[in-house]
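**Student:** generate coordinates for the sequence data below:
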Amino acid sequence: MPIDLKSLSKLESLPASATAKPHADDDPLVVMVKLRKGSNRPAYLSPRAEFGPSLFSAEIKAETLTRLEADPAVESVSLSRRLPGID
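**Tutor:** This is a model prediction of the structure:
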């Protein structure tokens, strides 16, 4: 079942390209996750890179967005965007 990204209140800075097509549950996504102060990283996430004690990136399946939305430790989530190449 496609994920409706607009229904996720913790999702920040939604790029227009993200809403162009629905994401299937098993679509891979790279996200930035910001944790609430004093919260530990959820065990179901493996960070790709850490930017401090409460900010990290992770590769997830689209279906995990709903789990992040319900997780009280998560303050916000942002979808990663591809940067254009430099000539």
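**Student:** lowest-scoring secondary structure element of the protein by mean pLDDT?
**Tutor:** Using mean pLDDT, DSSP states H and E, the weakest-scoring helix or strand in the chain turns out to be helix 16-20, at a mean of 57.
**Student:** any residues touching the helix or strand that that helix is followed by, and which ones?
**Tutor:** The first helix or strand that comes after helix 16-20 along the chain, using DSSP states H and E, is strand 28-35. Here strand 28-35 makes contact (CB atoms under 8 Å, 6 or more residues apart in numbering) with 23, 41, 45, 48, 53-62, 65, 68, 73-80. (C-beta placed from N, C-alpha, C; glycine too.)
**Student:** hmm, 6 Å instead?
**Tutor:** Strand 28-35 is contacted by residues 54-60, 62, 73, 75-80 when judged by CB atoms under 6 Å, 6 or more residues apart in numbering.
**Student:** could you point out which element follows that strand?
**Tutor:** Strand 28-35 is succeeded, C-terminally, by strand 47-52 (DSSP H and E).
**Student:** relative to strand 28-35, how tilted is that next one?
**Tutor:** Interaxial angle, strand 47-52 versus strand 28-35 (axes from the mean of the first three to the mean of the last three CA atoms, to 10 degrees): 30 degrees.
**Student:** neighbouring strands for the helix or strand following strand 47-52, and are they parallel or not?
**Tutor:** As assigned by DSSP H and E, the chain's next helix or strand after strand 47-52 is strand 55-61. Using DSSP bridges, strand 55-61 pairs in its sheet with strand 28-35 (antiparallel), strand 47-52 (antiparallel).
**Student:** now strand 55-61: buried residues?
**Tutor:** For strand 55-61, a neighbour-count test (16 or more other CB atoms under 10 Å) marks 56-58, 60 as buried.
**Student:** cheers, nothing more for now.
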